[in-house]
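In: Need the 3D shape of this:
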Amino acid sequence: MLGPLLESHAPLDWVILMLGTNDVGPTYRLTASEVAFGCATLVWTVQKSQAGPGGAAPEILLIAPPRLGELSGLMELFFKGAEATSSGLAHAYQTVAEACRCHFLDASSIVQASKLDGVHLDPAGQRALASEVKKVVTGILTGG
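Out: Below you'll find the model as predicted:
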């Protein structure tokens, strides 16, 4: 669906991807590298698109999701055993970003999963991550 969405929303200056947390669930039996490779296919789709200004590809920021925290409730049932895979996403995503020549941000360097469930960001975490994304994008746009 990404291709048609890019076309229908063009022109896009930026595409920001932060995916993969659900993919680390043990049910899927994926390694961090396999999850990152899935993101690489999305990056390639964006890069091959003409959804950016003037028919070029949009800029891409690939964000490694924050590592899992202390799991509770349903999140423990779904993600228990996925902590190591989750911890490996940042390195694997950085490898993808370098290979694909797109921008990269490790969310775990800014925020941590909510103490409420160990997976999602709380409102303060969402604000902190949004602020950092703004800084990264602004820095790239201004050459800083």
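In: Chain neighbours aside, what residue packs nearest to the most centrally placed residue in the chain?
Out: The centre of the chain sits closest to residue 18, judged by CA atoms, centre = their mean, with a distance of 2.0 Å. Spatial nearest neighbour of residue 18, excluding adjacent residues (CB to CB, 6 or more residues apart in numbering): residue 63 at 3.8 Å. Glycine gets a C-beta too; all of them are placed from N, C-alpha and C.
In: following the helix or strand hosting the one you found, which helix or strand comes up?
Out: Residue 63 is part of strand 59-64 when elements are defined by DSSP states H and E. Beyond strand 59-64 on the C-terminal side, the first helix or strand identified by DSSP H and E is helix 73-79.
In: got a list of what residue 56 touches?
Out: residue 50 (CB atoms under 8 Å, 6 or more residues apart in numbering).
In: One more: the one 10 residues further on?
Out: Shown here is residue 66, whose contacts under the criterion CB under 8 Å, 6+ apart are 107-108, 111-113, 121, 125.
In: now those residues as a markdown table including neighbour count, distance to residue 133 and pLDDT?
Out: Formatted as a markdown table, those follow (neighbours: other CB atoms under 10 Å; distance: CB to CB, whole Å; pLDDT from 0 to 100):
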| residue | neighbour count | distance to residue 133 | pLDDT |
| --- | --- | --- | --- |
| 107 | 24 | 9 | 98 |
| 108 | 17 | 14 | 98 |
| 111 | 19 | 11 | 98 |
| 112 | 17 | 16 | 97 |
| 113 | 25 | 17 | 97 |
| 121 | 19 | 12 | 97 |
| 125 | 17 | 12 | 98 |
